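Student: please work out how this folds:
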Amino acid sequence: MACFAASLFLLSVFINLSTTKTDSCDLYAAVGQSLTLPFTFEGLTTFYVLRWTHNNTIVFYRQQTRVSVGKPEDISAAGSLILKNLRPTSAGIYQANVLTPNGTFAKAWSGHLCLMDKVQKPRLVYSCDFKSSAVNLNCDVVKLQGLAFSWTLDDKTLTSEKRQTLSISLAQLKGERSFTCSVENKVSKEKSDIVRPVCKTPSPPPPPALLCFKPNLVMVAVAVGAGLILLLLIIIIILCCRNKHDKTQMRPGELRMLSLSKREPDSISPEYETMHPSEDSPATSPEPKARVCYENVSPPEVQVENRPQHLSADTEEQRVSPVPKPRTKSPQTQNK
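Tutor: Numbers count the residues shown, from 1 in each chain. Coordinates of the predicted model:
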């Protein structure tokens, strides 16, 4: 009897495997989530044989009240298999088979489970296109594979918009209009923050400058010019201070001689003429020679005694040279 029941059980497993579609997913779940497989058998008691397999590997087996594979808490009251903390290796084909106490086939179920990552929150961005008078919105996400998009305008869903981008004319942006985008896959759904586009007409560009220089070059030129001006001022101040210092150090006599040297000689003083006689004036014996003559003259008494009697007064005047007197300009006499 037991052999017959086992043969029927293996036959049912083979039939279920042959009829299961291995190239499509019947169930979807996200990694890290928990999932209860959708299998129920009303009136399931401990007298029935319950068997669960994952990719042809037995994960739970209970016969009457004895559980040989798995844990009793992994099965619900209706016979469903409870999967906790799903991992990528949890994907695959799951099968359930129930046999009556006498070994006859009661019920079977199979399903293909696929695991997916949760979608991340999208970021809604926009740009203003004034050439086409429109605003372009983009629902930015990390991964695009297997995602569906939806749009809302002022909390109203735009049923006709299913793409990642949305274009609205600028005429429809009168007033404050709020936009959101949503992205979803088989296991999760996320919604972006509210965005209120603002598009202002840009002001006309300023006229081009006649001369265009780089800001760094202009700053260098200004600094060099300021340095040269400062250096020139310092040199001027130093020269002025030095000139003033020289004037204060000069003696009064030097200032008087300097002022006299700048004058032009208007006339010749009498003293100058006396010291430097002209060529037309008669030569006179210098004063030192006259002094010699006086020194060589004997005393008056002796000279009078030895003087010849016939010497005239004119001859005596010629022998003694008088001291030169200052020359005075006088008109020539007529009886010359």
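Student: list the contacts for T180?
Tutor: Contacts for T180 (C-beta atoms under 8 Å, 6 or more residues apart in numbering) come out as L124, W151, T152, K191, S192, D193, I194, V195. All C-beta spots, glycine's among them, are computed from the backbone N, C-alpha and C.
Student: tell me the bridge partners for the fourth one.
Tutor: The one in question is K191. Assessed by DSSP bridges, K191 has beta-bridge partners S182.
Student: run a quick neighbour tally on it.
Tutor: K191: 15 surrounding residues under other C-beta atoms under 10 Å.
Student: surely it and T157 touch.
Tutor: No. Using C-beta atoms under 8 Å, K191 is not in contact with T157; the gap is 11.5 Å.
Student: can you pull the buried residues of the biggest helix by length in the chain?
Tutor: Taking DSSP state H as the criterion, the chain has its longest helix at helix 215-249. Buried residues in helix 215-249, counting neighbours by 16 or more other C-beta atoms under 10 Å, are absent.
Student: can you list the helices and strands that that helix packs against?
Tutor: Contacting helix 215-249 under the criterion 3 or more C-beta pairs under 8 Å, 6 or more residues apart in numbering; DSSP states H and E is no other helix or strand.
Student: average pLDDT for it?
Tutor: Summarised as a single mean, pLDDT over helix 215-249 is 85.
Student: output the below-cut-off pLDDT ranges for this structure.
Tutor: The chain contains residues with pLDDT under 70 at 1-23, 202-213, 249-336.
Student: ok so, going back, the contacts of T180: which two are farthest apart?
Tutor: The span of the contacts of T180, defined through C-beta to C-beta, is set by W151 and D193 at 13.9 Å.
Student: compare the two (neighbour count), which wins?
Tutor: W151 (24 against 10).
Student: quick one: the more buried one and C139, what's the gap?
Tutor: 8 Å (C-beta to C-beta, to the nearest Å).
Student: overlap in contacts of the two?
Tutor: L166, C181.
Student: buried ones in stretch 69-85, by neighbour count?
Tutor: Within stretch 69-85, judged by 16+ other C-beta under 10 Å, the buried ones are G70, D74, I75, G79, S80, L81, L83.
Student: can I get it in CSV? Just the C-alpha atoms.
Tutor: Coordinates of each C-alpha in stretch 69-85 appear next as CSV, following Å, rounded to 0.1, in the frame of the first residue of the first chain:
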residue,chain,number,x,y,z
VAL,A,69,12.0,18.0,6.7
GLY,A,70,11.5,21.7,7.6
LYS,A,71,9.7,23.3,10.6
PRO,A,72,6.0,23.1,11.5
GLU,A,73,5.8,27.0,11.6
ASP,A,74,6.8,27.1,7.9
ILE,A,75,3.3,25.9,7.0
SER,A,76,0.0,27.7,7.4
ALA,A,77,-3.2,26.0,8.5
ALA,A,78,-4.3,25.7,4.9
GLY,A,79,-1.0,24.1,3.8
SER,A,80,0.7,27.2,2.3
LEU,A,81,4.5,27.6,2.5
ILE,A,82,5.7,30.7,4.3
LEU,A,83,9.0,32.2,2.9
LYS,A,84,10.8,34.7,5.2
ASN,A,85,13.7,37.1,4.3
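Student: for E176, grab the count of nearby residues.
Tutor: E176 - counted by other C-beta under 10 Å - has 9 other residues nearby.
Student: now the one 3 residues further on
Tutor: By the measure other C-beta under 10 Å, the count of residues near F179 is 22.
Student: give me the nearest residue to it, chain neighbours excluded.
Tutor: V195 (5.2 Å; C-beta to C-beta, 6 or more residues apart in numbering).
Student: quick check: phi and psi on Y61?
Tutor: Phi and psi for Y61, reported as degrees, to the nearest 10, are phi -150, psi 120.
Student: one step back: relative to G92, which of the contacts of T180 is nearest.
Tutor: Nearest to G92 among those is K191, at 32.0 Å by C-beta to C-beta.
Student: returning to that earlier point: include distance to H54 and secondary structure when you put the buried residues of stretch 69-85 into TSV, please.
Tutor: Converted to TSV, these look like this (distance: C-beta to C-beta, whole Å; DSSP: H, G, I helix; E, B strand; the rest coil):
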residue	distance to H54	secondary structure
G70	11	coil
D74	12	helix
I75	14	strand
G79	16	coil
S80	14	coil
L81	9	strand
L83	9	strand
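Student: wait, which of these is closest to F179?
Tutor: L83 (38.6 Å).
Student: how far away is the closest one from F105?
Tutor: In terms of C-beta to C-beta, L83 sits 25 Å off from F105.
Student: adjacent strands (with direction) for the helix or strand where S167 lies?
Tutor: For S167, the element it lies in under DSSP states H and E is strand 165-169. Partners of strand 165-169 in the sheet, by DSSP bridges, are strand 134-140 (antiparallel).
Student: now do the buried residues in the strand it pairs with.
Tutor: A134, V135, L137, C139.
Student: number of nearby residues for the closest residue to R87 other than its chain neighbours?
Tutor: Spatial nearest neighbour of R87, chain neighbours left out: V31 (6.5 Å); criterion: C-beta to C-beta, 6+ apart. Per other C-beta under 10 Å, the neighbour tally for V31 reads 15.
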